[in-house]
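In: coords please:
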Amino acid sequence: MERKVPNMPSFLPFSLQTLTWLILIVLFVVLEGVTVSLVSIWFAVGAAAALIASAFSTSVTLQLTVFVVVSAVVLACTRPLVKKQREKKAPPMNAQSNVGRTASVIAAVTPDVPGRVRLGGVDWRAQSSSALAVGTLCEVVAVQGTTLVVKPLSAG
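Out: Purely as a prediction, here's the structure:
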């Protein structure tokens, strides 16, 4: 006795394979929306390509091949761009722009006890590995929170 494969219900104008690819596209897009870290968007593009392939061929092997190849190509082409975009350095904070500037000591600074310096009309807490007397000019070498790390201004 020959076994018959049931036909798709008549209310579905597309195949089960097409429906599967549609569901996968939605899942990958939702996953991408939840993670917002560009994890699955490439697979959504691959699933869309496989969806298009399913309109022309019922071969599951062909559809899976299209899915894998398109996903890999899109990933390979866009991942370096996305990685470069993410690695852009944040603009320096205003305090960081003080590095290299000259300040004037207004309260003595010693290696053991922080003092105060005036930079651009603003008083800052300062620390240094050298003793600095009031009135001495110094150079800002780093900013640590609200403290300037300074060194004596080199002559010349």
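In: surely Asn98 and Val143 touch.
Out: Yes - with contact defined as C-beta atoms under 8 Å, Asn98 and Val143 form a contacting pair (6.1 Å). Bear in mind the C-beta positions are built from the backbone N, C-alpha and C, glycine included.
In: got the buried residues for the lengthiest strand in the chain?
Out: Ranked by residue count and defined by DSSP state E, the top strand of the chain is strand 137-144. Using 16 or more other C-beta atoms under 10 Å as the test for burial, strand 137-144 gives 138-140, 143.
In: next secondary structure after the lowest-mean-pLDDT helix or strand in the chain?
Out: Least confident helix or strand, the chain: helix 60-86 with a mean of 88, by mean pLDDT, DSSP states H and E. Sequence-wise, the next helix or strand downstream of helix 60-86 (DSSP states H and E) is strand 102-107.
In: quick one: low-confidence ranges for the protein?
Out: For the chain, residues meeting the criterion pLDDT under 70 lie at 1-14, 88-95, 155-156.
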